[in-house]
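# The sequence isn't on hand, but the structure is:
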C-alpha cells in the first residue's frame, strides 16, 4: 500500500502575510501552519484540513523533500468539517498521483487503518493501527460538531493533520484532523470530503 500511495501525499504550508518562507519542521513560536494533504485528481486538487489554511496568507504544496514548494490556490474551505481543498497549476498536476476515495459506510471497527503524513516535518511517514470506533462526534476548531468521525489508534502527531487515513486497499477512509493523546486519533469521514468536492 505504501509504495502505491506515498507519492500522493504532500506537505501543505500556510504563511500569514509578512512571514517569510522557510524549510524544515515547525519550530517553537512558529506562526507558519504546516500539515499534510493528499492529491484528489489530475487537475491539481489537494485535500487537507481547514485549520491549516485558515485566514489570509500564502499557501504552498511540496510534493517531495528534494523539490521546492509550489504556490497553491484555496478553492474550498469548510470550517464546520475542518476540510479544505487547494489547487496547484496544471503543469505540476501532470505528475500527480491521485488517491482513491473509499466509502464511509464500509468502514468497520477492527479494520486496518494506515496514516501517511508528515509528522514534525518527516515527510511521508507511515503509521499503522486499526479503526477503534466509527460514528464519533468531534469538535472542529470553530466549535462545530463533526459527526461520524473515524477513531483510530494509529499514532498521530503534529504535522499529520490533513493526511489520509487509508484502508488495507489504500483507499482514503478519512482525513486526519486531530489527536487527543497516544492511541486516540480522529479523522473526518471521507464522505464529508466527497460532499465538499462533488462539484469540482
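Yes, it's here. In this text the structure is predicted, and so the values were computed from the model without any measurement. Numbers count the residues shown, from 1 in each chain.
# Contacts only, for the closest residue to residue 40 other than its chain neighbours.
In space, and not counting its chain neighbours, residue 40 is closest to residue 47: 5.5 Å by C-beta to C-beta, 6 or more residues apart in numbering. To be clear about C-beta, it is placed using only N, CA and C from the backbone, and glycine gets the same treatment. Residues in contact with residue 47, defined by C-beta atoms under 8 Å, 6 or more residues apart in numbering, are 37-38, 40, 83-85, 162, 164, 175, 193, 197.
# Which of the residues you listed fall within strands?
Members of these lying in strands (criterion: DSSP state E): 37-38, 83-85, 164, 175.
# Just name the closest of those to residue 127, please.
residue 164 (11.9 Å; C-beta to C-beta).
# Pull up the pairing partners for the lengthiest strand in the chain, direction included.
When the chain is parsed with DSSP E, its longest strand is strand 125-139. For strand 125-139, the paired strands and their directions (DSSP bridges) are strand 112-117 (antiparallel), strand 145-152 (antiparallel).
# which other residues reach that strand?
2, 6, 104, 107-119, 145-156, 173, 177-178, 183-186.
# Mind telling me what element residue 191 is part of?
Using DSSP states H and E, residue 191 sits in helix 190-197.
# when you compare where that helix runs with where strand 145-152 runs, what's the angle?
Calculated by axes from the mean of the first three to the mean of the last three C-alpha atoms, to 10 degrees, helix 190-197 forms an angle of 130 degrees with strand 145-152.
# can you pull the contacts of residue 74?
With C-beta under 8 Å, 6+ apart, residue 74 has these contacts: 53, 59, 84-86.
# Please name the nearest non-neighbouring residue to the residue positioned nearest the centre of the chain.
The centroid of the chain falls nearest to residue 162 when counting by C-alpha atoms, centre = their mean (1.8 Å). In space, and not counting its chain neighbours, residue 162 is closest to residue 48: 3.6 Å by C-beta to C-beta, 6+ apart.
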